[in-house]
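Colleague: here's a sequence, model it:
(chains A, B, C, D, E and F)
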6 protein chains.
Amino acid sequence: MTNRADGRALDELRPVTIERGWSAQAEGSALISFGNTKVLCTASFTPGVPRWLTGKGTGWVTAEYAMLPRATNERSQREAVKGKVGGRTHEISRLIGRSLRAAIDMKALGENTIVLDCDVLQADGGTRTAAITGAFVALADSIEWARGQKHITRKAEVLKHSVSAVSVGIIDGVPMLDLPYEEDVRADTDMNVVMTGNGKFVEVQGTAEQEPFDGAELNELLALAIKGNADLARIQAGVLSQ
Amino acid sequence: MTNRADGRALDELRPVTIERGWSAQAEGSALISFGNTKVLCTASFTPGVPRWLTGKGTGWVTAEYAMLPRATNERSQREAVKGKVGGRTHEISRLIGRSLRAAIDMKALGENTIVLDCDVLQADGGTRTAAITGAFVALADSIEWARGQKHITRKAEVLKHSVSAVSVGIIDGVPMLDLPYEEDVRADTDMNVVMTGNGKFVEVQGTAEQEPFDGAELNELLALAIKGNADLARIQAGVLSQ
Amino acid sequence: MTNRADGRALDELRPVTIERGWSAQAEGSALISFGNTKVLCTASFTPGVPRWLTGKGTGWVTAEYAMLPRATNERSQREAVKGKVGGRTHEISRLIGRSLRAAIDMKALGENTIVLDCDVLQADGGTRTAAITGAFVALADSIEWARGQKHITRKAEVLKHSVSAVSVGIIDGVPMLDLPYEEDVRADTDMNVVMTGNGKFVEVQGTAEQEPFDGAELNELLALAIKGNADLARIQAGVLSQ
Amino acid sequence: MTNRADGRALDELRPVTIERGWSAQAEGSALISFGNTKVLCTASFTPGVPRWLTGKGTGWVTAEYAMLPRATNERSQREAVKGKVGGRTHEISRLIGRSLRAAIDMKALGENTIVLDCDVLQADGGTRTAAITGAFVALADSIEWARGQKHITRKAEVLKHSVSAVSVGIIDGVPMLDLPYEEDVRADTDMNVVMTGNGKFVEVQGTAEQEPFDGAELNELLALAIKGNADLARIQAGVLSQ
Amino acid sequence: MTNRADGRALDELRPVTIERGWSAQAEGSALISFGNTKVLCTASFTPGVPRWLTGKGTGWVTAEYAMLPRATNERSQREAVKGKVGGRTHEISRLIGRSLRAAIDMKALGENTIVLDCDVLQADGGTRTAAITGAFVALADSIEWARGQKHITRKAEVLKHSVSAVSVGIIDGVPMLDLPYEEDVRADTDMNVVMTGNGKFVEVQGTAEQEPFDGAELNELLALAIKGNADLARIQAGVLSQ
Amino acid sequence: MTNRADGRALDELRPVTIERGWSAQAEGSALISFGNTKVLCTASFTPGVPRWLTGKGTGWVTAEYAMLPRATNERSQREAVKGKVGGRTHEISRLIGRSLRAAIDMKALGENTIVLDCDVLQADGGTRTAAITGAFVALADSIEWARGQKHITRKAEVLKHSVSAVSVGIIDGVPMLDLPYEEDVRADTDMNVVMTGNGKFVEVQGTAEQEPFDGAELNELLALAIKGNADLARIQAGVLSQ
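Modeller: Residues are numbered from 1 along each chain as shown, chains lettered A, B, ... in the order given. So this is what the prediction gives:
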């Protein structure tokens, strides 16, 4: 028994759904939900690489994250209208890009570019972790598509392993997995952990929002994240095997 | 019998679906489809008006339109990344705002603000007309919500009539209703017509893309638009009566 | 007899003057007045086309519209100082570009570029229609200049027909031609109509500012616009024949 | 006898014309020509001052300079389209503002704001000096207007003296007055000198474009500038006395 | 014995110097060096808080990070010239702000604002960790200054503990402390760890640049970071006690 | 005896120090102080020139000036955060660029580019003159470096002469050399004079901040500037001969 508002166990994910191939336009796509958080992830595959990479025999993967203005409870101004991309948006876009690049063997990808767009349609905490988890599915499908189109011809696997992400946090001294918005704002410590399907770390970002944390707390949070990412890896594998 | 790729009659709309209340966050929302075109419309209601309207006893309604980067067949750069809103986006946002303001009795709305966000998730022609048609549903629901919350207290109807929009065009000399992308690019003349539910014009925007058109052609196009908007008004009424 | 403040008939233009060749620098230019509205139109001809058109054998015509900060009764902030071009400016620039491109046989123009700049020096309603009408004269002269310089060598006529534009509107239920500012702000419906010299429509943009309009009103407005554009076409022809 | 292309004496201005009250909208205005250089100067008078000056009993005068894109022989991109005001534009705007503020007794002006807009319609060298000289006439008229409107009520003269400006330069070792574009690009040294009507210096900006200059050359240039500014002061006085 | 290019032990910091009070202008300042990395940190103290915090009885601390264009081996373009702050800059500014806020009791600070500016004069790896470490010294001095000026009057300690930061990484499988640029670019995993003077974590940011890392490696890196931050806390305390 | 706050003679410079080679990264650098004004000047040498100069056999030298946000007594907002470079910054950057280009034989430099960055670390009046004086030292060293690297191979001297700059002004009717901030704000007239080491003028910029000045005052100011620049040229020569 826990005292979480939605009745979940401390180490339990919110319901996760992944609608693979949601977009009729993109080479790969997934509409992913972590509870009420919904993110549309698309992968745009283009033969060729930016000029500064040409001739090096390796590919390029980058990502952009954004939120619709009314994804949240109060409407926020569009960044296009403000005329600049905000710090938080930049930071998350960079995190998604790094995380997904960690899944890729750039030599095997060859001189091709994949752009991952993660647009939050509805936000209820964990948008960046849902984005990474969904983007992996879109990425995988775009690579499959490119194999079919002969844009990728090397035999080596392009995907070295799957990648997923989950948030963990400490609320009133209790570590928990996958925080929705109402838990997130109350957390003392908030951590996002990106992992591979075989249990290694790609990115660990922990922040003491209220009180600094000690090594024991850090270890408890990491254990929860390992459990959550293992669950997500299974869900991703299930979706991709259909 | 027609020679339209999707087998439609010349005066027939593509399948229209309106998912009312799609967003758990906004005061009103609708996910509308015109065939493969999908637009998420939200209405954000806020008590109060911008400073320059304060004390005048009237409300304010405005709109913003945008497209996800991979809504289209080729990825386009985000306007937030470019640092400015493009001309086409501005123009459509202004059109949507004018069109929906035409549905409102600003005195009856009182000193309240409604922002309509129309985000194109997938684009296949007619994104601005789908946006206007869906935004009306979101608008209506946000007004209903505000009545319930006592933000609107005047007895007068806030909505004077419904508003919808449809595109018409001439292709190889043949006028047609509701053009998908592949027809749109081939059209000699392209017209967007915004109308009220009682058959009056709110906005008529006709453009000769290839060849100038004469008065007879203009009349044929208007007749198709009247028919299409009457169909849309029925669909809107059906959705709102549920 | 009418009740227009300036004593004009309902279907009468304000005094129109076109000072052809006003600029000593541009390949074509015209300072046009519609009453107190004064717009300086220049056509800048450059051999060659943007990279994305190279080798296709066709030309490119584009337009930019702007207003001096004190063209209007109250000074407005410069868009260069604000750091972005406003929605209205974008929309009018695009309209002028489309309208003038409709006058051109792009194959006959060959791989050449013409940029039309329309700068409003003084504004009293109808700035976009004056701009289109004046820009046609500047455009025609720049083509003549380019023939003389052998930048255009194909025999075919580059100009397919003349293009002009005029505003019409309904004020207190009465349709009228060519609205100055004081009429424009009172109009229920406002329409800008771009036509060719041989009486076809290039662009029809009608907006219900206060009340939606019906088909009968639309027809009356179009009739006025046809009359006004015929007058303008005669004035253009007169100026160009000197 | 000189070898100037236009046959002028070395200490002779180009023909100067000042069309006072050119604008029907502004509180003061002048269309000034220095030969083929034409600048439209308007003065916008507004009661009140920016917040940071409120209650200090003094006025505020500022200026903005800009060039139409086709004022010059080759079209330049609009700064509004580039999204920023260039260094040269900024620098000249600041120079004009400082120069005209030097003409004003800010206490006598009272808490009122005057914005001077100088828009170059055609450019042939000396645009900043023509702008300053014309802006003074617009400024004087706006002050006269404000006296009439009782926005200025103190008895003291607001204008302490007139202000004008002229360029001087050294070409092939020969100092000359008021350089048109073709002389300007060849000049070794280029100097702009802003002076009061009673022969004092407001601003001296001399730049060695090719070769550094010595004290003797500096003195010759200053003598020419004193002569030219005396001529301009007489022309301004003549125009303002009509 | 190690194989580090500069001969350091694996758990040894580069030489650290902190020039306290470097700036004659700021309320607190420090020029800090981590080897060849030099960062000028200033703390600007202003009574009062932004409007949205007024009346809540708490203070506000924020930070901005930037690099001089030639701090690095190749000159990079100024962000002011590009017209926007890059993603990396944003991300680091946000990290510094969060880290230093963790040191502060906002109630004890009262309604006062402190802005921390960290400008990298020379960069050789670890610029963000040097910035945090130096900013703490500037912050402490600005609080001392404010006490002296009676801007801070509550008795409670404003600083809850010191804060410092250090980088750790794995190169060729070997975990090391405080990486200069040449080590940083070769690292498989790179981690920045912000800690309090009493040994708790404020922020942990680990990234697998090449290969994902496992829990054992993570623990080794954390142990090095704990050692490095303890050394930095001692150095800070020494400087502040003078 | 004078009444200057720091006890200097009217024609005496503040203490000048030039720390040559301050930066370990740039091809040339100098940290210069004029009293409390400290400017870090770096010269970045790159083989090659911008595209529009390629093949003309001449080099390119440009400059950028900026101030750290807390260089001044009150913190100013970063221009990168504002998203644009201010007018004053542009103007000074352009002045520095012109001044240093006057020192260079562009043919002898060959097709190479030098960018001078002048970043004000602490400001107390005279930042632009210190920047020019320090930038010359950085420039000289970068040319020396390029000779050593064989990027410059022509025999001709690249530096035609040294360049320095100093401010002069009139305070309470008394002309003085090298004004710190507290004198600068009180000056009636303020002049910046850039000169060559052999006593010629490169740039003279005099502005009447309060009262216009006459020819006699101008001559006194120029005499002081000649004296001050001669002193600076000696200091530069001393530093460069070490």
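
Colleague: show me what the helix ranked longest in chain A is packed against.
Modeller: Ranked by residue count and defined by DSSP state H, the top helix of chain A is helix A:215-241. Packing contacts for helix A:215-241, counted by 3 or more C-beta pairs under 8 Å, 6 or more residues apart in numbering or on different chains; DSSP states H and E, involve strand A:16-20, helix A:127-148, strand A:163-171, strand A:174-177, strand A:189-196, strand A:201-208, strand E:201-208, helix E:215-240. In this view, the C-beta of every residue, glycine as well, is placed from N, C-alpha and C.

Colleague: state the distance from A:G148 to E:D105.
Modeller: Counting by C-beta to C-beta, to the nearest Å, the gap from A:G148 to E:D105 is 60 Å.

Colleague: the more surrounded of the two?
Modeller: Legend: neighbour count by other C-beta atoms under 10 Å in any protein chain shown for A:G148 and E:D105, higher for E:D105 (14 against 10).

Colleague: in contact with that one, which residues?
Modeller: E:156-160 (C-beta atoms under 8 Å, 6 or more residues apart in numbering or on different chains).

Colleague: could you redo the last one with a cut-off of 6 Å?
Modeller: Applying C-beta atoms under 6 Å, 6 or more residues apart in numbering or on different chains, we find E:D105 in contact with E:158, E:160.

Colleague: what about it, distance to E:T37?
Modeller: Taking C-beta to C-beta, one finds E:D105 at 30 Å from E:T37.

Colleague: same deal with A:V39?
Modeller: 38 Å.

Colleague: neighbour-wise, which of these two wins?
Modeller: Counted by other C-beta under 10 Å, A:V39 and E:T37 do not tie: A:V39 has more neighbours, with 29 against 25.

Colleague: flag the shaky bits of chain A, pLDDT-wise.
Modeller: For chain A, the stretches flagged by pLDDT under 70 are A:1-2.

Colleague: chain B contacts on that one?
Modeller: Contact residues (C-beta under 6 Å from any C-beta of the partner chain) of chain A with chain B: A:24-26, A:36, A:42, A:44, A:68-70, A:73, A:75, A:79-80, A:83-85, A:117, A:119.

Colleague: what does chain A put close to chain E?
Modeller: Going by C-beta under 6 Å from any C-beta, the residues of chain A near chain E are A:84, A:87, A:90-91, A:94, A:102, A:196, A:200-208, A:212-214.

Colleague: try 7 Å this time
Modeller: Neighbours of chain E within chain A, by C-beta under 7 Å from any C-beta of the partner chain: A:84, A:87, A:90-91, A:93-94, A:98, A:102, A:196, A:200-208, A:212-214, A:218.

Colleague: the longest helix of chain A: which residues count as buried?
Modeller: A:217-218, A:220-222, A:224-226, A:228-229, A:231-233, A:235-236, A:239-240 (16 or more other C-beta atoms under 10 Å in any protein chain shown).

Colleague: cool, stretch A:44-52 as well?
Modeller: The neighbour-count check on stretch A:44-52 (16+ other C-beta under 10 Å) flags A:44-45, A:49 as buried.

Colleague: just stretch A:168-175 next, same as before
Modeller: Quick answer for stretch A:168-175 (16+ other C-beta under 10 Å): A:168-171, A:175.

Colleague: I would like the residues contacting stretch A:28-37, please.
Modeller: Residues outside stretch A:28-37 that contact it (C-beta atoms under 7 Å, 6 or more residues apart in numbering or on different chains): A:14-23, A:38-43, A:122-127, A:130, A:133-134, A:137-142, A:145, A:178, A:180, B:24.

Colleague: write the PyMOL selection for whichever of those residues are buried.
Modeller: The command below creates a PyMOL selection of those among those that count as buried (16+ other C-beta under 10 Å):
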select buried, chain A and resi 14+16+18+19+20+22+23+38+39+40+41+42+43+122+123+124+125+126+127+130+133+134+137+138+139+140+141+142+145+178+180
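
Colleague: ok, back up a step: just flag the most distant two among the buried residues of stretch A:168-175.
Modeller: Spatial extent of those (C-beta to C-beta) is set by the pair A:V168 and A:I171 at 10.5 Å.

Colleague: in chain A, which residue sits closest to chain F?
Modeller: Residue nearest to chain F within chain A (C-beta to the nearest C-beta): A:K84, separated by 6.5 Å.

Colleague: distance of that residue from B:S241?
Modeller: A:K84 sits 44 Å away from B:S241, taking C-beta to C-beta as the criterion.

Colleague: repeat for A:G87
Modeller: 46 Å.

Colleague: so what pairs up with the closest residue in space to A:G228 that isn't next to it in sequence in the strands?
Modeller: Of all residues not flanking A:G228 in the chain, A:V166 sits nearest, at 3.8 Å (C-beta to C-beta, 6 or more residues apart in numbering or on different chains). In this entry, A:V166 is beta-bridged to A:V193, by DSSP bridges.

Colleague: for A:C118, same thing?
Modeller: A:C41, A:Y65.

Colleague: neighbours of it, how many?
Modeller: A count of nearby residues for A:C118, using other C-beta under 10 Å, gives 27.

Colleague: so who does it touch?
Modeller: Counting by C-beta under 7 Å, 6+ apart, A:C118 touches A:39, A:41, A:63, A:65, A:96, A:131, A:134-135.

Colleague: now for A:K200, how many residues are close by?
Modeller: With other C-beta under 10 Å as criterion, A:K200 counts 17.

Colleague: now do A:E74
Modeller: Neighbour number of A:E74 under other C-beta under 10 Å is 9.

Colleague: sorry, back to before: next, the angle from the longest helix of chain A to strand A:201-208.
Modeller: Interaxial angle of helix A:215-241 relative to strand A:201-208 (axes from the mean of the first three to the mean of the last three C-alpha atoms, to 10 degrees): 140 degrees.

Colleague: which SS class is A:L95?
Modeller: Here A:L95 is recorded as helix under DSSP: H, G, I helix; E, B strand; the rest coil.

Colleague: residues in contact with it?
Modeller: Counting by C-beta under 7 Å, 6+ apart, A:L95 has contacts A:128, A:203.

Colleague: I'd like the distance between it and C:N112.
Modeller: Applying C-beta to C-beta to A:L95 and C:N112 gives a distance of 48 Å.

Colleague: using JSON lines, lay out the contacts of A:C118 together with distance to F:L31.
Modeller: As requested, these are exported to JSON lines (distance: C-beta to C-beta, whole Å):
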{"residue": "A:V39", "distance to F:L31": "50"}
{"residue": "A:C41", "distance to F:L31": "50"}
{"residue": "A:A63", "distance to F:L31": "41"}
{"residue": "A:Y65", "distance to F:L31": "41"}
{"residue": "A:I96", "distance to F:L31": "41"}
{"residue": "A:A131", "distance to F:L31": "46"}
{"residue": "A:G134", "distance to F:L31": "51"}
{"residue": "A:A135", "distance to F:L31": "47"}
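
Colleague: ok now the longest helix of chain A, how far from the chain's centre?
Modeller: Helix A:215-241 sits 13 Å away from the centroid of its parent chain (C-alpha atoms, centre = their mean, to the nearest Å).

Colleague: now do stretch A:17-34
Modeller: 13 Å.

Colleague: and what of stretch A:55-69?
Modeller: 13 Å.

Colleague: for stretch A:15-31, same thing?
Modeller: Per C-alpha atoms, centre = their mean, the centroid offset for stretch A:15-31 relative to its chain is 14 Å.

Colleague: return it as PDB; C-alpha atoms alone will do.
Modeller: What follows is stretch A:15-31, C-alpha atoms only, in PDB (Å, rounded to 0.1, in the frame of the first residue of the first chain):
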ATOM      1  CA  PRO A  15       0.000   3.100 -17.800                       C
ATOM      2  CA  VAL A  16       2.200   3.200 -20.900                       C
ATOM      3  CA  THR A  17       0.800   3.100 -24.400                       C
ATOM      4  CA  ILE A  18       2.800   3.400 -27.600                       C
ATOM      5  CA  GLU A  19       0.800   3.900 -30.900                       C
ATOM      6  CA  ARG A  20       3.400   2.900 -33.400                       C
ATOM      7  CA  GLY A  21       3.200   4.500 -36.900                       C
ATOM      8  CA  TRP A  22       0.800   7.200 -35.800                       C
ATOM      9  CA  SER A  23       1.900   9.600 -38.600                       C
ATOM     10  CA  ALA A  24       1.200   8.900 -42.200                       C
ATOM     11  CA  GLN A  25       4.000  11.200 -43.200                       C
ATOM     12  CA  ALA A  26       7.100  10.300 -41.200                       C
ATOM     13  CA  GLU A  27       9.500   7.500 -41.900                       C
ATOM     14  CA  GLY A  28       9.000   6.400 -38.300                       C
ATOM     15  CA  SER A  29       6.600   7.600 -35.600                       C
ATOM     16  CA  ALA A  30       5.000   6.900 -32.200                       C
ATOM     17  CA  LEU A  31       2.400   8.500 -30.100                       C
END
